[in-house]
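Colleague: A structural model of the following input is requested.
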Amino acid sequence: MKKNDAYSESEKYIDSMHRLGRAGMAGAILILLGMPTVIGLYFDSLSSLRQIIQSALPLLFIFVPSTLFEVLTYTPVLGSSIYLTLITGEVINLKLPVANNAMKILNTEPGSEGADIVSSIAVSIASFVTIAVVSIGVLLAVPLQPFLALPAVSAAASNILPALFGALVVNAMGGDLGGGIRAHGRLKGMIPSAALLLLLFIFDRQISGFLHLDTLAQQPGKGVITSGFQGFVVIAMLPVSYFSTKWMYNAKRIRVDLPDER
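Modeller: Got it, this is the predicted structure:
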């Protein structure tokens with residue numbers, strides 16, 4: 001497509017981010033698939049195609065739905081920084097909270113060009129910080145081994161993730177969506193999904209046995225929720241949350257105030 005004089009700087013920025021993101025994703029896939037292949041060929045230990053398929057099939061059942069869920073749900077929030085986010089990982093634990101907090105601090109409207117730039121900067125800085133922290137941790141792993149083995153440190157480390165998710169839940173309960181947009185009663189839309197998930201958890205073993213999913217699980221005998229099929233469950237809950245939220249919005253149970261309406 002030929003660029004005309006009206007081609008703005010913001011459009012150039014978005015296009016350049018997509019080009020860099022696609023190149024980065026291609027490079028990451030090449031490295032992830034190329035390194036094991038080169039090492040296997042060098043040591044003459046490359047697995048057969050049948051062995052690769054047998055080993056990868058259970059993992060594909062778990063991670064393909066989870067990856068689709070991440071792309072569909074996080075891209076509207078992260079914008080063009082979704083490329084760097086998926087390459088570096090730690091989406092829920094780090095990149096999403098960092099981008100969300102940066103947009104709220106700068107009061108940028110989600111989905112806008114400003115939010116895209118802010119999230120890109122936040123994710124980039126978080127990636128550099130992560131690399132630095134991991135590098136320092138690798139260098140100090142052996143000297144700090146006696147300290148890390150202390151019971152108090154082990155107990156604190158095991159509660160980092162629950163504490164982080166608790167902070168995310170508290171942040172999500174607020175009505176401030178950024179950009180001056182406020183939502184009232186938006187958590188009501190999650191009630192149907194939460195109720196279905198609760199029932200699924202209660203009858204987890206029975207459903208897994210009925211569908212014979214325990215044969216595909218990494219730990220046979222566990223249920224749908226606890227056997228690694230969470231990605232399928234999350235994707236199934238997306239339309240439930242969408243239509244329930246839309247119905248409650250149309251029924252005036254959920255209200256959204258825009259800046260120009262106040």
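Colleague: any idea how far residue 249 is from residue 197?
Modeller: Using Cβ to Cβ, to the nearest Å, residue 197 is found at 21 Å from residue 249. (C-beta placed from N, C-alpha, C; glycine too.)
Colleague: ignore the last one, residue 34
Modeller: 48 Å.
Colleague: Low-confidence ranges, the chain, go.
Modeller: Segments of the chain classed as low confidence (criterion: pLDDT under 70) are 1-7, 58, 62, 164-165, 167-172, 174, 176-180, 205-232, 259-262.
Colleague: quick one, phi psi at the residue nearest the centre of it?
Modeller: By Cα atoms, centre = their mean, the mean C-alpha position of the chain lies nearest to residue 91, the distance being 4.0 Å. When read as degrees, to the nearest 10, the backbone of residue 91 gives phi -70, psi -60.
Colleague: same for the helix or strand hosting residue 200, what does it pack against?
Modeller: Using DSSP states H and E, residue 200 sits in helix 191-202. If you count contacts as 3 or more Cβ pairs under 8 Å, 6 or more residues apart in numbering; DSSP states H and E, helix 191-202 packs onto helix 230-250.
Colleague: Adjacent strands (with direction) for the next helix or strand after the helix it packs on?
Modeller: As assigned by DSSP H and E, the chain's next helix or strand after helix 230-250 is strand 255-257. Using DSSP bridges, the strands paired with strand 255-257 are strand 181-184 (antiparallel).
Colleague: burial of residue 199, as a residue count?
Modeller: Using other Cβ atoms under 10 Å, residue 199 is surrounded by 11 other residues.
Colleague: And for the one 3 residues further on?
Modeller: By the other Cβ under 10 Å criterion, the neighbourhood of residue 202 contains 12 residues.
Colleague: Which stretches in the stretch 101-250 of the chain count as helices?
Modeller: All helices of the stretch 101-250 of the chain, identified by DSSP state H, counting those that start in this stretch, fall at 113-140, 145-148, 151-158, 160-173, 191-202, 204-211, 230-250.
Colleague: The third one: which residues count as buried?
Modeller: For helix 151-158, the neighbour count (16 or more other Cβ atoms under 10 Å) marks no residue as buried.
Colleague: so how far is that helix off the chain centroid?
Modeller: Distance of helix 151-158 from its chain centroid, counting by Cα atoms, centre = their mean, to the nearest Å, is 26 Å.
Colleague: next one: the second one
Modeller: Its chain's C-alpha centre lies 31 Å from the corresponding centre of helix 145-148 when counted by Cα atoms, centre = their mean.
Colleague: by contact count, what packs against that helix?
Modeller: The helices and strands touching helix 145-148, judged by 3+ Cβ pairs under 8 Å, 6+ apart, number zero.
Colleague: One more: the last one?
Modeller: The criterion is 3+ Cβ pairs under 8 Å, 6+ apart, and the helices and strands that helix 230-250 contacts are helix 49-78, helix 191-202.
Colleague: before we move on, back to that, looking at the helices of the stretch 101-250 of the chain, spot the one closest to residue 12.
Modeller: Proximity to residue 12 (Cβ to Cβ) singles out helix 113-140 among these, at 11.7 Å.
Colleague: Relative to residue 93, how far out is the spatially closest residue to residue 147 that is not a sequence neighbour?
Modeller: Using Cβ to Cβ, 6 or more residues apart in numbering and skipping residues adjacent in sequence, the residue nearest residue 147 is residue 153, 6.4 Å away. Distance, residue 153 to residue 93, by Cβ to Cβ: 19 Å.
Colleague: Send me stretch 65-76 as PDB with only the CA atoms.
Modeller: Extracted as PDB, the C-alpha positions of stretch 65-76 are listed here (Å, rounded to 0.1, in the frame of the first residue of the first chain):
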ATOM      1  CA  PRO A  65      -5.500 -22.800  24.400                       C
ATOM      2  CA  SER A  66      -3.600 -20.800  27.100                       C
ATOM      3  CA  THR A  67      -1.600 -19.000  24.400                       C
ATOM      4  CA  LEU A  68      -4.700 -18.200  22.400                       C
ATOM      5  CA  PHE A  69      -6.300 -16.900  25.600                       C
ATOM      6  CA  GLU A  70      -3.300 -14.600  26.300                       C
ATOM      7  CA  VAL A  71      -3.300 -13.200  22.700                       C
ATOM      8  CA  LEU A  72      -7.000 -12.500  22.600                       C
ATOM      9  CA  THR A  73      -7.300 -11.000  26.100                       C
ATOM     10  CA  TYR A  74      -4.000  -9.200  26.600                       C
ATOM     11  CA  THR A  75      -3.500  -7.600  23.200                       C
ATOM     12  CA  PRO A  76      -6.300  -4.900  23.700                       C
END
